[in-house]
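> Need coordinates for the following:
(chains A and B)
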Number of protein chains: 2
Amino acid sequence: MSLTLEAIYRVRSDARSIEARAHAIAVEQSVEMPTEAIDDDRVISNIVGRVAGIEEKGPRSYEVRIALAAETVGHDPGQLINMLFGNTSIQDDVVLQDAEIPAELAKWFGGPHHGLDGLRGRVGAGARALTCSALKPQGLPAKKLAALAEQFARGGIDYVKDDHGLADQAYSPFSARIEAIAPALRAAEKATGRAARYVPSLSGNLDDMRRQVAMARQAGIDTVMIAPMIAGLANFHRLVRENAGLAFFAHPALAGASRIAPPLLIGKLFRLFGADAVIFPNYGGRFGYSAETCRALARAALKPRDGLRPSVPTPAGGMNLERVPEMLDFYGRDTMLLIGGALLASRERLVEATAAFVKAVERHGHG
Amino acid sequence: MSLTLEAIYRVRSDARSIEARAHAIAVEQSVEMPTEAIDDDRVISNIVGRVAGIEEKGPRSYEVRIALAAETVGHDPGQLINMLFGNTSIQDDVVLQDAEIPAELAKWFGGPHHGLDGLRGRVGAGARALTCSALKPQGLPAKKLAALAEQFARGGIDYVKDDHGLADQAYSPFSARIEAIAPALRAAEKATGRAARYVPSLSGNLDDMRRQVAMARQAGIDTVMIAPMIAGLANFHRLVRENAGLAFFAHPALAGASRIAPPLLIGKLFRLFGADAVIFPNYGGRFGYSAETCRALARAALKPRDGLRPSVPTPAGGMNLERVPEMLDFYGRDTMLLIGGALLASRERLVEATAAFVKAVERHGHG
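The predicted structure follows:
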């Protein structure tokens, strides 16, 4: 095998069966047929997956490393996930734990266009942590969402994203949101001297998302959100590549359904395909990620690799003001904190609550 | 709430917590914020998810039915899965078990253009079960794959699909496969008087897949394969809608990674979005689906509903000739049997092995 990638699985097995199981995974994820029935030498030597390592990790738990030919992937993000986990995803004794992607391939995919520095630069955040909130509930008309956005902006927030449930529904179509929210934020900027960024959520097929991107750019918007597992990884990557000026937040919707370790899928792969920020459920909130998973995910998003820009780890999901110091201690400053519902719950005091959030982030480490 | 869909979850919980847990899911999958912070009456009455039923199903196991407003979905397949399971997919105490989709919405999505009757009609199969095999291993050049396809055709197979690992790799690009395999099958047709269908696998982003579809149609190919969970459901649906003449096989790659019950995802939703045939791992093969899961999946694919054409249940994954009678007893004739590796393993006797497979299917129930 010439250029290889390595898929790293966690496999539930007993000691007696693990070698055979590892070999079966190597076959499943490459040629998917009995190797003795293959009479092509090049396929045997270059394409059949190879067991590169088996290591016991605990009772009935093994790490299995499978080397796969990079040429099986070509340059397609969808085919990358297919080679790493397509069929094996259906076998419930296996979790896709990690993947080593050759630098050539990583560089070709290209990663974020802006990343941490870019997202900080746009809002003049210096070296501090970024702040973000969410427009919701879905069902509100665009005008009401715009009023919320304006209050977040007056409170000094950096980024205001759509809730991921906001798509292109009749009660507040994408175009109506853009038309209402972009000027609301410009009004707030005039009043405060500080620009908050609206991050609308893309949805639908690639054509739909391109139309939405065009509308957003037309209105001067430079950041958008996408749920890569719903959009399809290849479409996400395509949009990133053809919109170098745009920054992308990746939302984890449907990503959690996979038996793919979150540090790999969200921290490493979403970054690889171009996410400037990766949103994920923080530990101790409504979701079950552990502190270790969150730390590993944040590290994967930020870690220097293959010249890719870092992606901003953006913990979310039931966060509140009281947790800001703890979260900044945990994640450091290279992060974006996202508080949605807990701010919106302050209703008529939304501007003040937002300002308190912003201040807590700015003050951290200076007091 | 006016028009509603219903998401049906299986939730792990104790009796004391299940009501609160059900309410939390209803909120998570709709407004995703504390309901007491919502001051819009229309959102409260029309958009917030409603717990429609809780039923104990076993020890610490409950069925929870949540009613969601159909207007939250619009007409986007991606947004449908987002509303059914976007964030809740990240909470590992919940499986998405089923969904009730209003007939209006189902009709709008439209289902398969051809379905069971169409796939039978194309190959003159009358009322018998269909036969299918797979071109592999990946890594073979297009010419060698074409030689295999021709042998399958001479053996009398109905459909020859690409292995799902075949994408657009340099060693056998999509275009080269089309150019080599379409004429090989025409040659076989001249010799046998019977036409086998080549089913190439689409990959990449929506642009890529459209180019591939155009190439396939140009070469007279009328059936293609797609992996909806990799392509993105909305892109899959778009391709179906704009290619009414094409039949689509849906491949389950990455679908198994979700905690979504296979009868729902593969049997119901893939059909809803237009799969004429749905491939899935048969019980007793390399994958862990039970016989009950397979039966429920096949029923969901075939069941009369909302005027949608039935999708052909296509069990696969480590099948062989010996199992043909058992599988036909189990699934009945409204099925397509897919045997790949076990046929290819017969190597120089591939035509004869294929003919034996075809004969076993034709004879079943007649002797």
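> Now do the contacts for the residue of the stretch 101-250 of chain A found nearest chain B.
Residue nearest to chain B within the stretch 101-250 of chain A: residue A:232 (2.8 Å; CB to the nearest CB). (Each C-beta comes from the backbone N, C-alpha and C, glycine too.) The contact partners of residue A:232, by CB atoms under 8 Å, 6 or more residues apart in numbering or on different chains, come to A:78, A:206, B:205, B:206, B:230, B:231, B:232, B:235.
> how about the fourth one, what does it touch?
Neighbour list for residue B:206: A:205, A:206, A:207, A:232, A:235, A:238, B:231, B:232, B:235, B:238, B:239 [criterion: CB under 8 Å, 6+ apart].
> Are any of those buried, and if so which?
Neighbour-count burial (16 or more other CB atoms under 10 Å in any protein chain shown) applied to the contacts of residue B:206 gives A:205, A:206, A:207, A:232, A:235, A:238, B:231, B:232, B:235, B:238, B:239.
> so which of those residues comes closest to residue B:341?
For the buried ones among the contacts of residue B:206, the closest approach to residue B:341 (CB to CB) belongs to residue B:231, at 24.6 Å.
> Could you list the low-confidence segments of the stretch 1-150 of chain A?
A:1 (pLDDT under 70).
> got the residues of the stretch 51-200 of chain A near chain B?
Contacts of the stretch 51-200 of chain A with chain B, taken as CB under 8 Å from any CB of the partner chain, map to A:69, A:71-74, A:76, A:78-79, A:81-83, A:85-87, A:89-93, A:136-140, A:144, A:163-165, A:167-171.
> Strands - which of those land there?
residue A:69 (DSSP state E).
> Just the buried residues of the residues of the stretch 51-200 of chain A next to chain B.
Buried among these by 16+ other CB under 10 Å: A:69, A:71-74, A:76, A:78-79, A:81-83, A:85-87, A:89-91, A:136-140, A:144, A:163-165, A:167-169, A:171.
> Quick check: neighbours of the helix or strand hosting residue A:315 in the sheet, parallel or antiparallel?
Secondary structure assigned from DSSP states H and E places residue A:315 in strand A:312-316. Neighbouring strands of strand A:312-316 in its sheet, by DSSP bridges, are strand A:277-281 (parallel).
> could you point out the longest helix in chain A?
Scanning chain A for the helix with the most residues, using DSSP state H, yields helix A:174-192.
> For it, buried residues please.
Judged by neighbour count (16+ other CB under 10 Å), helix A:174-192 contains these buried residues: A:174, A:175, A:176, A:177, A:178, A:179, A:180, A:181, A:182, A:184, A:185, A:188.
> which element is the closest residue in space to the last one that isn't next to it in sequence on?
Translated: residue A:188. The shortest distance from residue A:188 to any non-neighbouring residue, by CB to CB, 6 or more residues apart in numbering or on different chains, is to residue A:153 (3.6 Å). For residue A:153, the host element (DSSP H and E) is helix A:142-154.
> same check, this time on residue A:23
Assigned by DSSP H and E, residue A:23 belongs to helix A:18-28.
> The helix or strand just after the strand holding residue A:315 packs against which elements?
Downstream of strand A:312-316, the first helix or strand assigned by DSSP H and E is helix A:324-331. With contacts defined as 3 or more CB pairs under 8 Å, 6 or more residues apart in numbering or on different chains; DSSP states H and E, the secondary structure elements packing on helix A:324-331 are helix A:291-302, strand A:312-316, strand A:336-338, helix A:350-363.
> quick one: contacts of helix A:324-331?
So helix A:324-331 is contacted by A:129, A:282, A:291, A:294-295, A:298, A:313, A:315, A:319, A:335, A:337, A:357, A:360-361, A:364-365 (CB under 8 Å, 6+ apart).
> Sort out which residues of it are buried, please.
A:324, A:327, A:328, A:330, A:331.
> Kindly report the same for stretch A:349-365.
Here stretch A:349-365 shows A:350, A:351, A:353, A:354, A:355, A:356, A:357, A:358, A:360, A:361, A:362, A:364 as buried, counting by 16+ other CB under 10 Å.
> Dump it to PDB, keeping only the CA atoms.
Presented in PDB, the C-alpha positions along stretch A:349-365 are these (Å, rounded to 0.1, in the frame of the first residue of the first chain):
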ATOM      1  CA  ARG A 349     -34.000  42.200  30.500                       C
ATOM      2  CA  LEU A 350     -32.300  40.400  27.600                       C
ATOM      3  CA  VAL A 351     -29.900  43.300  26.800                       C
ATOM      4  CA  GLU A 352     -28.700  43.400  30.400                       C
ATOM      5  CA  ALA A 353     -28.400  39.600  30.700                       C
ATOM      6  CA  THR A 354     -26.400  39.600  27.500                       C
ATOM      7  CA  ALA A 355     -24.200  42.400  28.700                       C
ATOM      8  CA  ALA A 356     -23.500  40.500  31.900                       C
ATOM      9  CA  PHE A 357     -22.500  37.400  29.900                       C
ATOM     10  CA  VAL A 358     -20.200  39.500  27.700                       C
ATOM     11  CA  LYS A 359     -18.700  41.100  30.700                       C
ATOM     12  CA  ALA A 360     -18.100  37.800  32.500                       C
ATOM     13  CA  VAL A 361     -16.200  36.600  29.500                       C
ATOM     14  CA  GLU A 362     -14.200  39.700  29.100                       C
ATOM     15  CA  ARG A 363     -13.300  39.900  32.800                       C
ATOM     16  CA  HIS A 364     -12.300  36.300  33.200                       C
ATOM     17  CA  GLY A 365      -8.600  36.000  34.000                       C
END
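> tell me the mean pLDDT over that stretch?
For stretch A:349-365, mean pLDDT rounds to 92.
> got the contact list for it?
A:128-131, A:133, A:148, A:151-152, A:154-157, A:321, A:324-325, A:328, A:333, A:337, A:339, A:343-344, A:346.
> Indicate which one of the helices and strands packed on helix A:324-331 is closest to residue A:102.
With CB to CB as the criterion, residue A:102 lies closest to helix A:291-302 of the helices and strands packed on helix A:324-331, at 17.0 Å.
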